[in-house]
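A.B. asks: Here is a sequence together with a model predicted from it:
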Amino acid sequence: MLISRVSDVSSYWLHVIRPWNHPVATFAFIAMRRVIYISRSRIGDDPDELDAIVDSSSASNIVAGITGMLWWDGNNFAQVLEGPHEAVDRAMQRILADIRHTDIAVVFDRAVAGRMFGEWGMRQSDDSVGCTANTVFLIGLAKNDSSSPARRLYDMMLACAA
């Protein structure tokens, strides 16, 4: 599904759990949002431009409470963002307006209970163990989805893993 804007989402999904007949004990669980998208890159094969994207994204994401990872194969970007619903929504709005991307397609957009992509604001994928595990996760996720964006993600992840 190609998107031109991110729809408004309620700020946080709040689930209140109250033990039976216990008026005081209330626990709140705030789910985070994880978005995985793929896009076509307009930066060519310029590694300095890629470094600038990672540096500025990392700074913005740290302030917003977002973590994530970016893959780039010279032609495409794949990115995972996870954090508070509104913060991820604002980040996606910035990404949609960024002229360095085109053909942005969301593969996965769900509430999740916790972070899976580290404690960094934005990290570029590399050959480290943590990055390899995250690449394998995306390969499995995309392989089990028959949509066109998932197929693009799957092909890109296999190319990046090679």
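C.D. replies: Right, received. Where do you want to start?
A.B. asks: Can you check which strand is longest in this protein?
C.D. replies: Ordering each strand of the chain by length in residues (DSSP state E) puts strand 27-41 first.
A.B. asks: And the next helix or strand past it?
C.D. replies: Using DSSP states H and E, the helix or strand that follows strand 27-41 towards the C-terminus is helix 47-64.
A.B. asks: Which neighbours in the sheet does the longest strand of the chain have, and how are they oriented?
C.D. replies: Using DSSP bridges, the strands paired with strand 27-41 are strand 13-17 (antiparallel), strand 76-83 (antiparallel), strand 101-112 (antiparallel).
A.B. asks: In TSV, list these along with mean pLDDT, mean neighbour count and distance to residue 93.
C.D. replies: For glycine as for every other residue, the C-beta is placed from the backbone atoms N, C-alpha and C. Listed next are the strands paired with strand 27-41 as TSV, based on pLDDT from 0 to 100; neighbours: other C-beta atoms under 10 Å; distance: least, C-beta to C-beta, whole Å:
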stretch	mean pLDDT	mean neighbour count	distance to residue 93
strand 13-17	34	10	19
strand 76-83	92	24	12
strand 101-112	93	16	11
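A.B. asks: orientation of the longest strand of the chain relative to helix 47-64 in degrees?
C.D. replies: Orientation check (axes from the mean of the first three to the mean of the last three C-alpha atoms, to 10 degrees): strand 27-41 against helix 47-64 gives 160 degrees.
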